[in-house]
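In: how would this look folded up:
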Amino acid sequence: MELGQGFPEWTELGQDSGLDPLGMQRPIEAIYQSLVPGISTITLRYRYYSFFPLILRHYEEKIRHPDPAVLRSFQRKCEALFALICTHGEPELGITGSDWAGRTLNEVTAQSGASGIIDFTVGADPDADEKLRYLKNKGGAFGAIYSTQMSEMGLVHFPDPGQSNPNPVCSEVALQLAEALASELGDIADRFFEVVASGQISVSDLGSFAAMKPSALQSGSREHVLLKDILLGATDTRGLTAQMRRSTLRMLLEFTNTFDSVPRAETVKWHWFENVPAKEAAEPNQVPQLWFLYQACDLMRLAYEVILSAALTLIEAAPRRRMSLGELTDDLAGAVPTTGGESWDDFSTGINAAEEASTAREYAAAMLEAMDTGETSEQVRNAISLIAILADKATAESSLVEAALSGADYFQSLRTEAIFLDRNRSADADRVIADLIRERVLKRHLWVASRKFRNQKAYTFHMEPEEGALRYRAPIQVSPSSPRLDQALRFLRDISLIDSGGITSIGRSELAVA
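Out: Residues are numbered from 1 along each chain as shown. Sure, this is the predicted structure:
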């Protein structure tokens, strides 16, 4: 069970909760973060990107206190009031603090009806009991969720250490957004800040602020045009992050236009993987190719984690929930049928030549279905077949893979695994499969978990060595990653480029722009 010496020191192996048991997530995240900059899995509504410039501008003009705690107190009261406004009447989706706002509205209405007064200062207080806060994180929605993404979009700037004002400030385009929203709201904006200062509002008055809701964004307004242009990179035509995001969003619009419906993220990922176009001079950043690479990397991770899941199932069912590494490896590798004496190259060629181009999807579906039903042999067989297909694709796209994934090799990725299999191309297939399972899945997990324990003090072993055997500890959850496509589609919906019927006339007009 010796893991070996000389492990590299690292501090960001992945999730410290055990959600990345083989340390393969980081290269995948790096790809999709570069493809949808300014949007994350928790930035749920796009109008926050004009709401926050509005409150930051007000703070800078009317309060201008350098203490970050003063800004945080003001910002949290603005967010709490915004949550109440958006939850009152027809509730908006994706609003930070909506659960708190819903409970508060129900309690006050039940006691005093529409004339009831809501005091939201306690809910907004970052030092109040966590159960009373609209959001547990003291940074609020801006600090915990939106500020980093808005910075990527060039809307807010964070000062360097030592500057007299340590608080984030609006960029020029963000100030334009703030002015546009203030103009759209009229006296509603002034009344909003008056209520923030008082810390109280009646239930009946909340409806008068409905124009601030995300769904109330007026198509064709100055605010709408600015939000659209910022999202689609029109305000930063030379910036790489803006153009990467623009390319991804245009691909989503094209997909929606072609299929006349708003797609699910999983459907989009497979379509882009199976229909990757040849690189064009007009697409210098290779965004379509990088989306293909993202899916290939994520599928490789899934296949490896499915093998680990099968291993855990076998150990759990074994006497005393223990198996030796050799016995476990033999059981798992024995699930993959090979022709006696064939090389890995022969085996891989047979997999890739026997089926149509869509087999990656079929093997992935069969692999995950077998995992759900506990058929470990089918899990491993389909996972190894999928790995063979992906390694072949990686070899065919070697320049792309090398350029995008040539980071530290202690992060396993499509690249490292394709290199491993290519080096063993002429070796016996049974031996290669056994080596892959033993070294790159089973011992890899022990290696990753030991690094997390040593550097992060997080115990994430799903199996652990004990007296020459592997002892079962806990199952793993295996699922495709979420590359922010659902949130990107939500943003496109928020600015009326798509709706429930598919692409809109505004969306088609944007597609017509070169």
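
In: Quick check: buried residues in the top helix by length along the chain?
Out: Taking DSSP state H as the criterion, the chain has its longest helix at helix 287-317. Within helix 287-317, the residues scored as buried using 16 or more other Cβ atoms under 10 Å are 287-315. Every C-beta, even on glycine, is put in place using the N, C-alpha and C of the backbone.

In: just checking, what packs against the next helix or strand along the chain from it?
Out: Once the chain leaves helix 287-317, the next helix or strand it forms, by DSSP states H and E, is strand 322-323. In terms of contacts (3 or more Cβ pairs under 8 Å, 6 or more residues apart in numbering; DSSP states H and E), strand 322-323 is packed against helix 287-317, strand 469-472.

In: Could you pull up the mean pLDDT of the following helix or strand past strand 322-323?
Out: Sequence order places helix 325-333 as the next helix or strand after strand 322-323, per DSSP H and E. For helix 325-333, the mean pLDDT works out to 98.

In: Where in the protein is the helix or strand with the lowest mean pLDDT?
Out: helix 344-354 (a mean of 89; mean pLDDT, DSSP states H and E).

In: For the next helix or strand after it, give me every contacting residue.
Out: As assigned by DSSP H and E, the chain's next helix or strand after helix 344-354 is helix 359-373. Outside helix 359-373, the residues that touch it by Cβ atoms under 8 Å, 6 or more residues apart in numbering are 270, 273-274, 299, 302-303, 306, 309-310, 351, 355, 376, 378-379, 382-383, 385-386, 389-390, 393, 478.

In: go with 6 Å
Out: 270, 299, 306, 309, 378-379, 382-383, 385-386, 389 (Cβ atoms under 6 Å, 6 or more residues apart in numbering).

In: Report the mean confidence score over stretch 104-112.
Out: Here the average pLDDT along stretch 104-112 is 96.

In: Which residues does that stretch contact?
Out: Counting by Cβ under 6 Å, 6+ apart, 116, 118, 203 sit against stretch 104-112.

In: In PDB, could you pull the C-alpha coordinates for that stretch?
Out: The C-alpha coordinates for stretch 104-112 follow below in PDB (Å, rounded to 0.1, in the frame of the first residue of the first chain):
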ATOM      1  CA  THR A 104     -40.800  37.800   7.000                       C
ATOM      2  CA  LEU A 105     -43.600  38.800   4.700                       C
ATOM      3  CA  ASN A 106     -45.800  35.900   5.800                       C
ATOM      4  CA  GLU A 107     -45.200  36.600   9.500                       C
ATOM      5  CA  VAL A 108     -45.900  40.300   9.300                       C
ATOM      6  CA  THR A 109     -48.900  39.900   7.000                       C
ATOM      7  CA  ALA A 110     -50.300  37.200   9.300                       C
ATOM      8  CA  GLN A 111     -50.000  39.500  12.300                       C
ATOM      9  CA  SER A 112     -50.900  42.900  10.800                       C
END
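
In: quick one: contacts for the nearest residue to Ala318 once chain neighbours are set aside?
Out: Sequence neighbours aside, Tyr472 is the residue nearest to Ala318 in space, at 7.8 Å (criterion: Cβ to Cβ, 6 or more residues apart in numbering). Taking Cβ under 6 Å, 6+ apart, we find Tyr472 in contact with 315-316, 321, 463.

In: now Tyr472: how far from Leu312?
Out: Computed as Cβ to Cβ, to the nearest Å, the Tyr472 to Leu312 distance reads 6 Å.

In: Identify the contacts common to the two.
Out: The overlap between the contact sets of Tyr472 and Leu312 (Cβ under 6 Å, 6+ apart) is empty.

In: now, which of the contacts of stretch 104-112 sits nearest Gln149?
Out: Of all the contacts of stretch 104-112, Ile118 has the smallest distance to Gln149: 29.5 Å, by Cβ to Cβ.

In: For that closest one, list the residues it contacts.
Out: 104, 108, 201.

In: ok, now with 10 Å
Out: 80-81, 84, 88, 101, 104-105, 107-109, 112, 199-203, 205-206 (Cβ atoms under 10 Å, 6 or more residues apart in numbering).

In: Check Ser377 too.
Out: So Ser377 contacts 310, 314, 331-332, 334-337, 370 (Cβ under 10 Å, 6+ apart).

In: distance of Lys269 from Gln295?
Out: Taken as Cβ to Cβ, the span from Lys269 to Gln295 is 5 Å.

In: so what sits against both of the two?
Out: Common neighbours of Lys269 and Gln295 (Cβ under 10 Å, 6+ apart) are 32, 480-481, 483.

In: so of the residues you listed, which ones are in helices?
Out: Tyr32.

In: which one of the shared contacts of Lys269 and Gln295 is nearest Asp499?
Out: For the shared contacts of Lys269 and Gln295, the closest approach to Asp499 (Cβ to Cβ) belongs to Pro483, at 22.7 Å.

In: Can you pull out the low-pLDDT segments for the stretch 201-350 of the chain?
Out: Within the stretch 201-350 of the chain, the stretches with pLDDT under 70 are 280-284.

In: Ok, the stretch 1-150 of the chain next?
Out: 1-18.

In: All the helices of it, residue numbers only.
Out: 25-35, 48-58, 68-87, 98-112, 121-124, 140-141, 147-152 (DSSP state H, counting those that start in this stretch).

In: packing partners for the shortest one?
Out: Looking back up the chat, that one is helix 140-141. Packed against helix 140-141 by the contact rule (3 or more Cβ pairs under 10 Å, 6 or more residues apart in numbering; DSSP states H and E) you find helix 48-58, helix 68-87.

In: what comes into contact with that helix?
Out: With Cβ under 10 Å, 6+ apart, helix 140-141 has contacts from 42-45, 48, 51-52, 72-73, 75-80, 82-83, 95-97, 124, 126, 133-135, 146-147.

In: again, 6 Å this time
Out: Taking Cβ under 6 Å, 6+ apart as the rule, helix 140-141 contacts 75-76, 79, 96.

In: chain center to that helix, what's the gap?
Out: 18 Å (Cα atoms, centre = their mean, to the nearest Å).

In: With distance to Ile495 as new columns, can the contacts of Ser377 be given to me in CSV?
Out: Shown next, in CSV, are the contacts of Ser377 (distance: Cβ to Cβ, whole Å):
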residue, distance to Ile495
Ala310, 45
Leu314, 50
Asp331, 54
Leu332, 49
Gly334, 55
Ala335, 50
Val336, 49
Pro337, 53
Ala370, 42
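
In: re earlier: looking at the contacts of stretch 104-112, which are in strands?
Out: Among the contacts of stretch 104-112, DSSP state E puts Ile118 in strands.

In: Make TSV from the contacts of stretch 104-112 and add distance to Leu325 to it.
Out: Putting these into TSV (distance: Cβ to Cβ, whole Å) gives the following:
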residue	distance to Leu325
Gly116	65
Ile118	61
Val203	64
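
In: Looking at the contacts of stretch 104-112, which one is closest to Pro68?
Out: Of those, the one sitting nearest to Pro68 (Cβ to Cβ) turns out to be Ile118, at 26.7 Å.

In: tell me what the helix or strand where Leu177 lies is packed against?
Out: Using DSSP H and E, Leu177 sits in helix 172-185. Judged by 3 or more Cβ pairs under 6 Å, 6 or more residues apart in numbering; DSSP states H and E, the packing partners of helix 172-185 are helix 48-58, helix 222-231.
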